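*Asks:* Provided below are the primary sequence and the corresponding predicted coordinates.
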Amino acid sequence: MKSSHEFYLVYTLSLLFGLTCIIIVTTWSKGYRGGFAWDGSAKMFNWHPVCMVTGLVVLYGNATLVYRFPFTWSSSKFILKLVHATLNLGALSLAIIGLVAAFGFHNKMHIPNLYSLHSWVGFAAIILFGCQWLLGFLAFLLPCTPLWLRAAYKDLHAFFGLGILVMAIAASVSGINEKLIFVLNVPNSTGPYKNLPPEACLANVLGLMLFCFSLTIAQMLLKHKWQRPNACGTVISDATEPLLTEN
């Protein structure tokens with residue numbers, strides 16, 4: 001019971017951090033960068049950080065926790081797989097929208113695509129995420145997939161799941177820094193980045209909140225006693241848990 005209370009305390013913190021991230025990135029895009037549109041302008045680009053933070057970080061981070069909630073441990077494993085896959089698909093969809101928004105703005109403004117480290121890490125994270133979702137669907141949701149293949153792939157699936165979150169955080173933080181350098185170190189800005197104007201303070205806080213969110217997610221994923229137990233009530237590793245059980 002104590003362990004369950006600890007889990008929900010950490011999860012509450014992660015929800016607060018995640019919600020704060022979404023509020024800050026939306027405030028930044030709407031209050032300082034002019035709002036949203038879908039016309040190839042800078043307002044179209046504003047969808048990029050909002051979709052990436054909301055989808056590739058916050059929603060994705062919560063999707064990784066589906067098997068960790070104590071109240072789900074007596075639920076159908078197949079239902080949990082569907083919830084996990086659906087949440088991840090939603091996160092991937094938002095990430096793709098954010099990617100399209102960035103490419104659309106760059107193409108309209110004749111700005112090269114995929115030249116910065118931020119873009120390389122972010123694009124790699126989305127490609128890996130897409131492959132991860134497809135392979136996860138084929139391995140764990142198709143009834144014809146052999147059990148030995150599921151068992152062989154499961155640890156790799158969990159490893160890359162956490163790896164994608166790390167890449168998403170790295171891409172987000174580098175993107176925040178890159179955006180601030182681009183928009184603040186120009187004439188008619190609210191002030192140079194080095195003077196730390198209010199916009200820079202807000203965006204820097206966003207970066208810190210992203211780190212806090214990722215740390216709470218990582219703790220919930222990696223703590224052994226918060227893993228889903230088997231039918232006898234003992235905690236078992238993801239590598240040995242039966243993959244086709246319905247409860």
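*Replies:* That came in fine, so what should we check first? Numbering: from 1, shown residues only.
*Asks:* List the buried residues of the strand or helix carrying Lys154.
*Replies:* Here Lys154, judged by DSSP states H and E, is contained in helix 147-184. For helix 147-184, the neighbour count (16 or more other CB atoms under 10 Å) marks 150-151, 153-154, 158, 160-161, 164-165, 167-177, 179-180, 183-184 as buried. In short, each C-beta sits where N, CA and C put it, glycine included.
*Asks:* cool, and stretch 44-55?
*Replies:* Quick answer for stretch 44-55 (16+ other CB under 10 Å): Met44, Phe45, Asn46, Trp47, His48, Pro49, Val50, Cys51, Met52, Val53, Thr54, Gly55.
*Asks:* hmm, who's touching stretch 94-111?
*Replies:* With contacts defined as CB atoms under 8 Å, 6 or more residues apart in numbering, stretch 94-111 is touched by 38, 40-42, 44-52, 54-56, 59, 112-113, 119, 122-123, 126, 129.
*Asks:* Assumed Ser189 was part of a strand.
*Replies:* No - using DSSP: H, G, I helix; E, B strand; the rest coil, the assignment for Ser189 is coil, not a strand.
*Asks:* Okay, it and Tyr32: tell me how far apart.
*Replies:* Ser189 sits at a distance of 10 Å from Tyr32 (criterion: CB to CB, to the nearest Å).
*Asks:* if we can go back for a sec, and whichever helix or strand comes after the helix holding Lys154, how far from the chain's centre?
*Replies:* The helix or strand immediately downstream of helix 147-184 is helix 198-222, counting by DSSP H and E. Relative to the chain's own centre, helix 198-222 is displaced by 12 Å; criterion: CA atoms, centre = their mean, to the nearest Å.
*Asks:* List the buried residues for helix 198-222?
*Replies:* For helix 198-222, using 16+ other CB under 10 Å, the buried residues are 199-200, 202-204, 206-207, 209-210, 212-214, 216-221.
*Asks:* contacts for it?
*Replies:* Residues outside helix 198-222 that contact it (CB under 8 Å, 6+ apart): 7, 10-11, 13-14, 17-18, 20-21, 24-25, 27-28, 32, 53, 57-58, 61, 64-65, 68, 162, 165-166, 169, 172-173, 176-177, 179-180, 183-184, 190-191, 193, 196, 226.
*Asks:* let's see 7 Å
*Replies:* The contact list for helix 198-222 (CB atoms under 7 Å, 6 or more residues apart in numbering) reads 7, 10-11, 13-14, 17-18, 20-21, 24-25, 27-28, 32, 57-58, 61, 64-65, 68, 162, 165, 169, 172-173, 176, 180, 184, 190, 193, 226.
*Asks:* Show me which of those are buried.
*Replies:* By neighbour count, with 16+ other CB under 10 Å, the contacts of helix 198-222 hold 7, 10-11, 13-14, 17-18, 20-21, 24-25, 28, 32, 57-58, 61, 64-65, 68, 165, 169, 172-173, 176, 180, 184, 193, 226 as buried.
*Asks:* mind checking how far the spatially most central residue of the chain is from Leu222?
*Replies:* Centroid-nearest residue in the chain, with CA atoms, centre = their mean: Val57, separated by 2.2 Å. As judged by CB to CB, Val57 and Leu222 stand 18 Å apart.
*Asks:* now swap in Ile23 and tell me
*Replies:* Taken as CB to CB, the span from Ile23 to Leu222 is 27 Å.
*Asks:* what's the answer for Leu147, then?
*Replies:* Note on Leu147: its distance to Leu222, by CB to CB, is 26 Å.
*Asks:* With Leu206 instead?
*Replies:* Going from Leu206 to Leu222 by CB to CB gives 25 Å.
*Asks:* How about Thr54, nearest residue that isn't a chain neighbour?
*Replies:* Excluding its sequence neighbours, the residue lying closest to Thr54 (CB to CB, 6 or more residues apart in numbering) is Ile22, at 5.4 Å.
*Asks:* No more questions from me, cheers.
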